[in-house]
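Q: kindly return the folded structure for what I paste below:
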Amino acid sequence: MKNKDTIYDIVVHTVNLIPLGAIGFLAFFSVVNISPHRDPISDMFAIGSIIFLTVMWAINYWFQIKKRKWFLPIVGTVLYVVIALIYLDVGIPFIYDVFIR
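A: A predicted model of the protein is given here:
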């Protein structure tokens, strides 16, 4: 039983490094912007996006550790990626067009 829990923890931690690395990659390129004309509104959306993705990842991670079901790491990570892509590709441009322009 102890070995099974250890393997589960290793799988969960390894699988959750993928979304966490994506959040870090997104955060790095949101902060490091070499263009001379920075838009404070887009900076606000970038910070909001990073916070939203981090909170969503933390809830996913907590749920995987708490429930300890073997299908949750893969399903949770795939669902996280789908929600993040929909949010970044559809949600942010829609919100920006509706409320800013």
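
Q: may I see the buried residues of the helix or strand hosting residue 59?
A: Using DSSP states H and E, residue 59 sits within helix 40-67. Within helix 40-67, the residues scored as buried using 16 or more other Cβ atoms under 10 Å are 45-46, 49-50, 52-54, 56-57, 60-61, 64. For the C-beta atoms, the positions are set from N, CA and C on the backbone; glycine is no exception.

Q: for residue 61, what are its contacts?
A: 12, 16 (Cβ atoms under 8 Å, 6 or more residues apart in numbering).

Q: before we move on, the earlier item: after the helix holding residue 59, which helix or strand is next? Please name it.
A: helix 72-86.

Q: which secondary structure elements does that next one contact?
A: With contacts defined as 3 or more Cβ pairs under 8 Å, 6 or more residues apart in numbering; DSSP states H and E, helix 72-86 has these neighbours: helix 2-31, helix 40-67.

Q: and residue 74, which of those helices is closest to it?
A: helix 2-31 (6.9 Å; Cβ to Cβ).

Q: name the nearest residue to the most centrally placed residue in the chain, ignoring sequence neighbours.
A: Note on the chain: the residue nearest the mean C-alpha position is residue 53, at 3.6 Å, using Cα atoms, centre = their mean. Using Cβ to Cβ, 6 or more residues apart in numbering and skipping residues adjacent in sequence, the residue nearest residue 53 is residue 23, 5.1 Å away.

Q: ditto for residue 95
A: In space, residue 95 is closest to residue 45, 7.5 Å off (Cβ to Cβ, 6+ apart).

Q: the one you found against residue 93, yeah?
A: No. Contact status for residue 45 versus residue 93: not in contact, 9.7 Å apart, counting by Cβ atoms under 8 Å.

Q: circling back to that earlier point, residue 79: which of the buried residues of helix 40-67 is nearest?
A: residue 60 (7.7 Å).

Q: so how far is residue 66 from the closest one?
A: Counting by Cβ to Cβ, to the nearest Å, the gap from residue 60 to residue 66 is 11 Å.
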